[in-house]
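Engineer: Next one to model:
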Amino acid sequence: MHRIDAHFVASGKYHDIDFARLELLKLLGEHQQIRTTVAMDFSNLERLAACQLLITYTCDVMPTPEETIALRAFVEGGGRWLALHGTNSILRFVEAGVDCPEERDDVMELLGTQFKAHPPIGPFRVEVTDRHHALTKGLEDFDIIDELYITKTKAPIQILMQTRFDGEATGFVEAQYDNAIVPVLYLRPLGEGAILYKTLGHFRSHFDVIELMPFWDHPERCAWNYPVYYETLRRGIRWAMGELD
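Structural biologist: As a prediction, this is how the structure comes out:
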């Protein structure tokens, strides 16, 4: 057994980041060889360079162009990045609704996708599209209640799980979709490393949208209610450790 250094960026808007941070640290703590530092942005490039794995649970938090170059070098050099939920999101509230401008293609091309919209939280079916990969082997299609993250593909990706959406993503500028294929879990190989992106995992508590309203009446736990989500997180961490390929 050898030590594995991890860096975890957890911050952003409209989500209970505290909850996600705690849950993911507990999952990382199941592996005694992992030593993790936690940050609220991507600025600690010296620490990133010393790590083997990066985890992000963010919303509307973008690295600077210089930090993006370092993130790409980290992955191309063999690093593994477990990117969760809103890592690929840019949100702008405009008169027509929530806009997701394509102003950081350097980041989105690195990640493989960019978030564009989601319909109201509700049930949808997740299809396991690659049943042979170690990340999904033995898992069956499942139903879940969460934000269905509609994304735009920015680079070649290997889809492991997906869903479909047909209809209106109410409140977003780009709202209309016609039987769109929506990646839920995918790999983005790059150089000697790779990014594993999982779009599930919304969580919102009472005080996470104070920019919009002082109290959110109905907390939204979504995928965090489901054992299958924790199973995919555990597999994602093992993948980032180099144990699953």
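
Engineer: Tell me which residues of the helix or strand hosting Glu46 come out buried.
Structural biologist: Element membership for Glu46, per DSSP states H and E: helix 45-49. By neighbour count on 16 or more other Cβ atoms under 10 Å, the buried set for helix 45-49 is Leu45, Leu48. To be clear about C-beta, it is placed using only N, CA and C from the backbone, and glycine gets the same treatment.

Engineer: contacts for that helix?
Structural biologist: His7, Thr37, Ala39, Phe42, Leu54, Glu67, Ala70, Leu71, Phe74 (Cβ atoms under 8 Å, 6 or more residues apart in numbering).

Engineer: which among those end up buried?
Structural biologist: Buried subset of those (neighbour count, 16+ other Cβ under 10 Å): His7, Phe42, Leu54, Glu67, Ala70, Leu71, Phe74.

Engineer: For Leu196, see how far away the third one is.
Structural biologist: As judged by Cβ to Cβ, to the nearest Å, Leu54 and Leu196 stand 11 Å apart.

Engineer: Now the common contact residues for these two.
Structural biologist: Common neighbours of Leu54 and Leu196 (criterion: Cβ under 8 Å, 6+ apart): Arg80, Trp81, Leu82, Ala240.

Engineer: wait, which of those residues is closest to Thr170?
Structural biologist: For these, the residue nearest Thr170 by Cβ to Cβ is Leu82; the value is 30.0 Å.

Engineer: Does that closest one touch Ala240 like I think?
Structural biologist: Yes. Leu82 is in contact with Ala240 according to Cβ atoms under 8 Å; the separation is 4.9 Å.

Engineer: what about the most centrally placed residue in the chain, distance to Thr232?
Structural biologist: In the chain, the residue lying closest to the centroid (Cα atoms, centre = their mean) is Leu84, at 1.8 Å. Per Cβ to Cβ, Leu84 is found 10 Å from Thr232.

Engineer: got it, and Asn225?
Structural biologist: Taking Cβ to Cβ, one finds Asn225 at 14 Å from Thr232.

Engineer: Please verify my assumption that Phe74 contacts Ala194.
Structural biologist: No. In this structure Phe74 lies outside contact range of Ala194 using Cβ under 8 Å: 11.3 Å.
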